[in-house]
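Asker: Predicted structure and sequence below. I'll ask about it afterward.
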Amino acid sequence: AQRVTQPEKLLSVFKGAPVELKCNYSYSGSPELFWYVQYSRQRLQLLLRHISRESIKGFTADLNKGETSFHLKKPFAQEEDSAMYYCALTGSARQLTFGSGTQLTVLP
Amino acid sequence: SQTIHQWPATLVQPVGSPLSLECTVEGTSNPNLYWYRQAAGRGLQLLFYSIGIDQISSEVPQNLSASRPQDRQFILSSKKLLLSDSGFYLCAWSVRRTVVGYTFGSGTRLTVV
């Protein structure tokens, strides 16, 4: 079975501070990991995926197979980063399993 | 371009009443279709997914059912709503056989009273 754990329901940081949203997963094969974001009054949308090795809006995430983690990081948080963030995993069945989400608030 | 429509946006229904939420996708063929529920404090839970017409898989046993009468139409239903069915329901689609990522609808806020 595949499982995604986001240990923090709420996370607050000050503008300009580094931010890390934690994500750990459980999957016996080779998973594909994603981060989705939902800004206030907007649709849930894809932020980034590990296979692309991309940086979107200053966010990066590295897949650590040894620690089974896929933490989302940004060196300098901005107020517009405030949103709900979901880590998600897909395996061979091609279905996305989401974590419970972390509500990030960036304080001025 | 591909678009996904989901309606209604909000719905208040009494306990015991039926439910029908509709989702349609435009601009693509043979999509994978999904229904998720986002309950307060509980994240996103996959309810149903479909890889084709009349091919529905249920992930969680519950009071709900899903149907796919047409290739790009996915319907979430219930014969008798329970209070616990309240939540935010999201429809999503993805390209079959790839993991490009899902595209989500705007969601339906269901309140059962």
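Answerer: Thanks, I have the structure now.

Asker: Look up how far B:Ser94 lies from whatever residue of chain A ends up closest to chain B.
Answerer: Taking C-beta to the nearest C-beta, chain B has its nearest neighbour within chain A at A:Ser100, 3.3 Å off. Yep, even glycine has a C-beta here, placed from its N, CA and C like the rest. Per C-beta to C-beta, to the nearest Å, A:Ser100 is found 21 Å from B:Ser94.

Asker: residues touching A:Glu8, list them.
Answerer: Applying C-beta atoms under 8 Å, 6 or more residues apart in numbering or on different chains, we find A:Glu8 in contact with A:21-22, A:102.

Asker: Just send the residues you listed back as JSON lines, with secondary structure too.
Answerer: Shown next, in JSON lines, are these (DSSP: H, G, I helix; E, B strand; the rest coil):
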{"residue": "A:Leu21", "secondary structure": "strand"}
{"residue": "A:Lys22", "secondary structure": "coil"}
{"residue": "A:Thr102", "secondary structure": "strand"}
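
Asker: now those as JSON lines including neighbour count?
Answerer: Putting the contacts of A:Glu8 into JSON lines (neighbours: other C-beta atoms under 10 Å in any protein chain shown) gives the following:
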{"residue": "A:Leu21", "neighbour count": "24"}
{"residue": "A:Lys22", "neighbour count": "17"}
{"residue": "A:Thr102", "neighbour count": "21"}
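
Asker: Pretty sure A:Ile51 sits in a helix.
Answerer: Yes - counting by three-state DSSP, one finds A:Ile51 located in a helix.

Asker: Need the contact partners of whichever strand or helix holds B:Tyr49.
Answerer: Per DSSP states H and E, B:Tyr49 falls inside strand B:43-52. For strand B:43-52, the external contacting residues (C-beta under 8 Å, 6+ apart) are A:6, A:44, A:86, A:95-101, B:30, B:32-39, B:56-60, B:62, B:64, B:66, B:68, B:71, B:74, B:76, B:89-90, B:96.

Asker: Right, I'll call it a day here.
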